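Engineer: sequence first, then the predicted structure:
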Amino acid sequence: MFLTEKFVHFGDCDPGGIMFFANLLRYAHEAFEMFISSVADYPAYYLNKEIAYPVLKTETRFAHPFFCGTTFKVELGVSQLKAHSFEITYYFYNKEMTLLAKAKTVHVALEINSLKKTKLPEELKEKLKLHLIEK
């Protein structure tokens, strides 16, 4: 599992001081970028001229609200690894390690020229395997 810490900024909240729901995916993506930088060559992953890894599907579920000023942890891991895609599950915890929310993103490998799915590169697949989590 990969772990990072975040903070709910005032600008991320609705007028009631609760984080706007769509920002959960932004925080997930920020954690994902930090994760990728720890397992792969970050610029090569994002600037690859042959393969892209767009998000095919997202899922979020809130257990508690995130209030302005909340410091929270994002723990993530690879919850599914297939030939052409991988799924990341994100767990959001407060300081007391109470689960605030859970999110998932499914990323698929696409050939940039044809936009057809392709197999994940073996080097990336091997690094992702090191972060497999049980469901």
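Structural biologist: Sure, I can see it.

Engineer: so where do the helices sit in the chain?
Structural biologist: 23-39, 42-47, 122-129 (DSSP state H).

Engineer: let's have these in CSV, adding mean pLDDT, mean neighbour count and distance to M97.
Structural biologist: Yep, even glycine has a C-beta here, placed from its N, CA and C like the rest. Shown next, in CSV, are the helices of the chain (pLDDT from 0 to 100; neighbours: other C-beta atoms under 10 Å; distance: least, C-beta to C-beta, whole Å):
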stretch, mean pLDDT, mean neighbour count, distance to M97
helix 23-39, 93, 18, 16
helix 42-47, 82, 12, 29
helix 122-129, 94, 14, 25
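
Engineer: between those helices, which one is closest to T4.
Structural biologist: The closest of the helices of the chain to T4 is helix 23-39. By C-beta to C-beta, the value is 5.2 Å.

Engineer: which residues sit against the lowest-mean-pLDDT helix or strand in the chain?
Structural biologist: Least confident helix or strand of the chain, by mean pLDDT, DSSP states H and E, is helix 42-47 with a mean of 82. Here helix 42-47 makes contact (C-beta atoms under 8 Å, 6 or more residues apart in numbering) with E33, I36, Y53, L124.

Engineer: widest-spaced pair of these?
Structural biologist: Taking C-beta to C-beta, the two most distant members of the contacts of helix 42-47 are E33 and L124; they sit 14.8 Å apart.

Engineer: ok, now which ones touch N113?
Structural biologist: When contacts are counted by C-beta under 8 Å, 6+ apart, N113 touches E50.
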